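Undergrad: Please find the sequence and the predicted model below.
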Protein chains: 2
Amino acid sequence: MKNLVSRCPIEEVMQVLSGRWPTLLIYYLKDGTKRFNELRRDNPTISHKMLTLELRKLEDAGIVQRTEFNGYPLRVEYDLTPAGETLVPLIDALGEWWEATDSPGQQHAEEIGNAVEFDRPV
Amino acid sequence: MKNLVSRCPIEEVMQVLSGRWPTLLIYYLKDGTKRFNELRRDNPTISHKMLTLELRKLEDAGIVQRTEFNGYPLRVEYDLTPAGETLVPLIDALGEWWEATDSPGQQHAEEIGNAVEFDRPV
DNA sequence: CCATGGTTACAAAAAGGTGCGTAATTTACT
DNA sequence: AGTAAATTACGCACCTTTTTGTAACCATGG
């Protein structure tokens, strides 16, 4: 999804929240400051390239705050911005909606063959 | 995004809402019953393949109701399900959040070169 | 050599677009 | 009267574009 088709704000948010990682990263950052490699440990199936790309995207969108501490080795911390924190309940509401509506095609946990065991938020 | 990485309901909703089209289609279906070609006219840049795929996905998720009338030519109507209607305000909330937070990397309407003129919801 | 937090180039995989075929009936033209 | 074309909502095969993964490289200090 490189460019927009409409000028609707909804399409703009979805452009940044779409995909596997954005909401997951926001979920982990809810708990507070995290460093790059902590986030990698939280979701081991993300490649470091994806992680940097997604973090940049969230940073550009004003959802994530990146703070670089120069020391060696370089240390970088990621937090939610105040705006990012106000986004969290909205995303949670979507999750609750999903749980509440037991839709026909909804996958139940037991059926998800490819879910990774060691990575199970919520 | 073919399969899930966690068993978190948020990831599951995002799997169906991710991408350019799902929220846009929901947006148009808010107004009431629509037929296939009406939806194509509403967003002229979607291909018929994408439209059928996205509508099926939303149907499987219990968001959209598909009703087939056999006659010739075949007529098919799409509506939001009751569950789909309860989803609308949540999506709207995201759009409002986006408008409220004037994030640095946020594209402003005037800057979007590739936005299609004749397709401008909201 | 290790660790940190990257970048870059190349390759694989996934997503998306294009065009053809299908059905039964109506309308349009010759 | 006979033929042709359009209509609706797709399915299918093929091809291009976009996204993601892999691997290698960088800097630095311990």
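TA: Nice, I can see it.
Undergrad: and stretch A:32-49, C-alpha only, in CSV?
TA: In CSV, the C-alpha atoms belonging to stretch A:32-49 read as follows (Å, rounded to 0.1, in the frame of the first residue of the first chain):
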residue,chain,number,x,y,z
GLY,A,32,6.9,1.1,28.6
THR,A,33,10.3,1.8,27.1
LYS,A,34,11.8,-0.9,25.0
ARG,A,35,15.1,-1.2,23.2
PHE,A,36,15.5,-2.5,19.7
ASN,A,37,16.7,-5.9,20.6
GLU,A,38,14.0,-6.3,23.3
LEU,A,39,11.4,-5.8,20.7
ARG,A,40,13.1,-8.4,18.6
ARG,A,41,13.0,-10.8,21.5
ASP,A,42,9.3,-10.0,22.0
ASN,A,43,8.5,-11.1,18.5
PRO,A,44,11.2,-13.4,17.3
THR,A,45,9.6,-13.9,13.8
ILE,A,46,10.2,-10.3,12.7
SER,A,47,13.4,-9.7,10.8
HIS,A,48,15.5,-6.8,12.0
LYS,A,49,15.0,-5.1,8.7
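Undergrad: Can you give me the buried ones in it?
TA: A:34, A:36, A:39, A:40, A:42, A:43, A:46 (16 or more other CB atoms under 10 Å in any protein chain shown). Every residue, glycine included, has its C-beta placed from N, CA and C.
Undergrad: from the residues you listed, which ones fall inside helices?
TA: Of these, the ones assigned to helices by DSSP state H are A:36, A:39, A:40, A:42.
Undergrad: my guess is the second one meets residue A:26, correct?
TA: Spelled out, that is residue A:39. No: using CB atoms under 8 Å, residue A:39 is not in contact with residue A:26, being 11.1 Å away.
Undergrad: Tell me where chain A has strands.
TA: In chain A, the strands defined using DSSP state E lie at A:34-35, A:64-69, A:75-80.
Undergrad: which residues are contacting the shortest one?
TA: Put plainly, it is strand A:34-35. Residues from elsewhere that reach strand A:34-35 (CB atoms under 8 Å, 6 or more residues apart in numbering or on different chains): A:28, A:42, A:75, A:76, A:77, A:78, A:79.
Undergrad: now that strand: how far from the chain's centre is it?
TA: 13 Å (CA atoms, centre = their mean, to the nearest Å).
Undergrad: the longest helix in chain A is where?
TA: Under DSSP H, chain A gives helix A:82-100 as its longest helix.
Undergrad: got the angle for that one vs strand A:64-69?
TA: Relative orientation of helix A:82-100 versus strand A:64-69 (axes from the mean of the first three to the mean of the last three CA atoms, to 10 degrees): 130 degrees.
Undergrad: now helix A:82-100 and strand A:75-80, what's the angle there?
TA: Using the same axes, to 10 degrees: helix A:82-100 against strand A:75-80 is 60 degrees.
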